[in-house]
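**Student:** For reference, the sequence and a predicted model appear below.
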Amino acid sequence: MMRLSRPLLIAGLAALMLPAAPAVAQDDPPQKIFNLIVFGDDPCPTGAGEEIVVCARKPESERYRIPKKLREKPEEVGGPGWGSQVATMEQTQRQILPNSCSAIGSNGFTGCTAQMLQQWFAERRMQQSSSTP
């Protein structure tokens with residue numbers, strides 16, 4: 001049995017050492033393909049030899065425009081910041097909090113007196129500043 005397997009082993013190793021068979025040679029060079037965009041009634045150019053020309057037709061109004069990919073603005077990453085979101089929430093909730101001078105919610109009326117006093121003081125300062133030379 002040992003004698004039979006030895007020649008098979010030698011034949012297998014010899015087969016591995018032989019150079020691989022050459023691949024099928026290609027005489028034709030690869031084809032050249034051109035993609036073009038033509039506008040309006042412009043003619044699509046023809047390919048010379050084995051060249052392939054593919055034309056996409058767009059309206060004349062698109063000739064001098066910035067390409068659509070560059071026109072679109074990228075979306076903001078993450079959206080608005082937390083600071084502006086908190087300020088918006090505080091502004092909308094301020095109407096129902098005490099001292100807001102609002103008819104909405106309980107204790108909304110409590111800030112009306114303070115608001116009227118602030119307005120009175122502001123008007124008085126304006127009068128005093130305009131009356132002095």
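**Tutor:** Received, thanks.
**Student:** Quick check, central residue of this structure?
**Tutor:** With distances taken as C-alpha atoms, centre = their mean, Pro74 lies nearest the centre of the chain, 3.6 Å away.
**Student:** Spell out the secondary structure type for it.
**Tutor:** Here Pro74 is recorded as coil under DSSP: H, G, I helix; E, B strand; the rest coil.
**Student:** and it, what pLDDT?
**Tutor:** pLDDT recorded at Pro74 is 76.
**Student:** Show me how far the helix or strand containing Arg125 is from its chain's centre.
**Tutor:** Per DSSP states H and E, Arg125 falls inside helix 112-131. On the basis of C-alpha atoms, centre = their mean, to the nearest Å, helix 112-131 sits 51 Å off its chain's mean C-alpha point.
**Student:** Then stretch 49-59?
**Tutor:** 30 Å.
**Student:** Helices of the protein, start to end?
**Tutor:** 2-17, 68-71, 82-93, 112-131 (DSSP state H).
**Student:** Comparing the ones you listed, which yields the minimum mean pLDDT?
**Tutor:** helix 2-17 (a mean of 57).
**Student:** Glu60 contacts Val38, doesn't it?
**Tutor:** No: if you go by C-beta atoms under 8 Å, Glu60 and Val38 don't touch, sitting 10.3 Å apart. Every C-beta, even on glycine, is put in place using the N, C-alpha and C of the backbone.
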